[in-house]
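**Student:** Next come a sequence and a model predicted from it.
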Amino acid sequence: DQQVKQNSPSLSVQEGRISILNCDYTNSMFDYFLWYKKYPAEGPTFLISISSIKDKNEDGRFTVFLNKSAKHLSLHIVPSQPGDSAVYFCAASRGNYGQNFVFGPGTRLSVLP
Amino acid sequence: NAGVTQTPKFRVLKTGQSMTLLCAQDMNHEYMYWYRQDPGMGLRLIHYSVGEGTTAKGEVPDGYNVSRLKKQNFLLGLESAAPSQTSVYFCASSLPPEQYFGPGTRLTVT
């Protein structure tokens, strides 16, 4: 039973528009969340994180929203660029130590020129 | 500053053969991890280490062993490879919490 779900395996967006990637979790004990981006033949790279004491965190074009009551988080990319085309993984943890992270299966984002 | 490196990048094994995957980091991180990634699934933690000389089991440890004799290196061993171990293996290190990943090793067991 997957504790972290990314129900959209893929998403296509036009360049310049907003990309919204969604992630749902089932364990109410999770209190730290991260997004990673992965290009083909490379390892994942850290993008942005949020702890459960916040409901929003922003870093440049990337914003993560957390809705604890719905056990849902989303990553917004505005504006989307072709270089954003990658697989995005959501991860959740109880505490912010790496051994507890549970990763979702990923969403492949394609930004079309 | 190379970050996290993994050796080898690709490997094909026959069932029953053994091999060791090497992970090295130059960021002086205490924590290191080994994950596997299979199609349609997220990364799953195999083993991890919170410091030199320590190791612990993750979510899917069966069939693997690890060693952390030096702070900068984390080795993953397969003693008797099975086709179910065909996967892409990622090593990571962290302070924590953000993890820094290596480029991966694609392992095929026939």
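**Tutor:** All right, it came through fine. Numbers count the residues shown, from 1 in each chain, chains lettered A, B, ... in the order given.
**Student:** For chain B, what lies in contact range of chain A?
**Tutor:** Selection of chain B residues close to chain A by C-beta under 8 Å from any C-beta of the partner chain yields B:4, B:31, B:33, B:40-45, B:48, B:50, B:56, B:58, B:90, B:92, B:94, B:96-104. In short, each C-beta sits where N, CA and C put it, glycine included.
**Student:** Can you list which of the residues you listed are found in strands?
**Tutor:** B:4, B:31, B:33, B:43-45, B:48, B:56, B:90, B:92, B:94, B:99-101 (DSSP state E).
**Student:** For the closest residue to B:Ser67 other than its chain neighbours, give me its contacts.
**Tutor:** Spatially, and ignoring its direct neighbours in sequence, B:Ser67 is nearest to B:Leu75 (4.9 Å; C-beta to C-beta, 6 or more residues apart in numbering or on different chains). Residues counted as contacts of B:Leu75 (C-beta atoms under 8 Å, 6 or more residues apart in numbering or on different chains) are B:20-23, B:66-69.
**Student:** Could you point out which residue ranges in chain B have low pLDDT?
**Tutor:** Along chain B, segments meeting pLDDT under 70 span B:1.
**Student:** let's go with 50 and repeat that
**Tutor:** Across chain B, nothing is flagged by pLDDT under 50.
**Student:** For chain A, name the helix or strand with the lowest mean pLDDT.
**Tutor:** Using mean pLDDT, DSSP states H and E, strand A:102-103 stands out as the lowest-scoring helix or strand of chain A, at a mean of 92.
**Student:** since we're on A:Gln99, how many residues are nearby?
**Tutor:** Residues contacting A:Gln99 under the criterion other C-beta atoms under 10 Å in any protein chain shown number 19.
**Student:** part of a strand, is it?
**Tutor:** No. Counting by DSSP: H, G, I helix; E, B strand; the rest coil, A:Gln99 is not part of a strand but helix.
**Student:** Tell me the pLDDT of it.
**Tutor:** pLDDT for A:Gln99: 70.
**Student:** Tell me the residues of chain A that contact chain B?
**Tutor:** A:2, A:4, A:9, A:32, A:34, A:36, A:41-46, A:49, A:89, A:91, A:93, A:96-99, A:101-106.
**Student:** Report the buried members of those residues.
**Tutor:** A:4, A:32, A:34, A:36, A:43-44, A:46, A:49, A:89, A:91, A:93, A:96, A:98-99, A:101-106 (16 or more other C-beta atoms under 10 Å in any protein chain shown).
**Student:** Show me the residue sitting in the middle of chain B in space.
**Tutor:** The structure's chain B has its C-alpha centroid closest to B:Trp34; by C-alpha atoms, centre = their mean the separation is 3.2 Å.
**Student:** Does that residue touch B:Leu43 like I think?
**Tutor:** No. With contact defined as C-beta atoms under 8 Å, B:Trp34 does not reach B:Leu43; the gap is 10.0 Å.
**Student:** For the residue nearest to B:Ser67, what is the enclosing helix or strand?
**Tutor:** B:Leu75 belongs to strand B:73-78 when assigned by DSSP states H and E.
**Student:** Let's see that strand as PDB, backbone CA atoms only.
**Tutor:** Output of strand B:73-78 as PDB, limited to C-alpha atoms (Å, rounded to 0.1, in the frame of the first residue of the first chain):
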ATOM      1  CA  ASN B  73      32.400   5.600   1.000                       C
ATOM      2  CA  PHE B  74      29.300   3.400   1.200                       C
ATOM      3  CA  LEU B  75      29.400   0.000  -0.400                       C
ATOM      4  CA  LEU B  76      26.400  -2.100  -1.500                       C
ATOM      5  CA  GLY B  77      27.000  -5.800  -2.000                       C
ATOM      6  CA  LEU B  78      24.900  -8.500  -3.700                       C
END
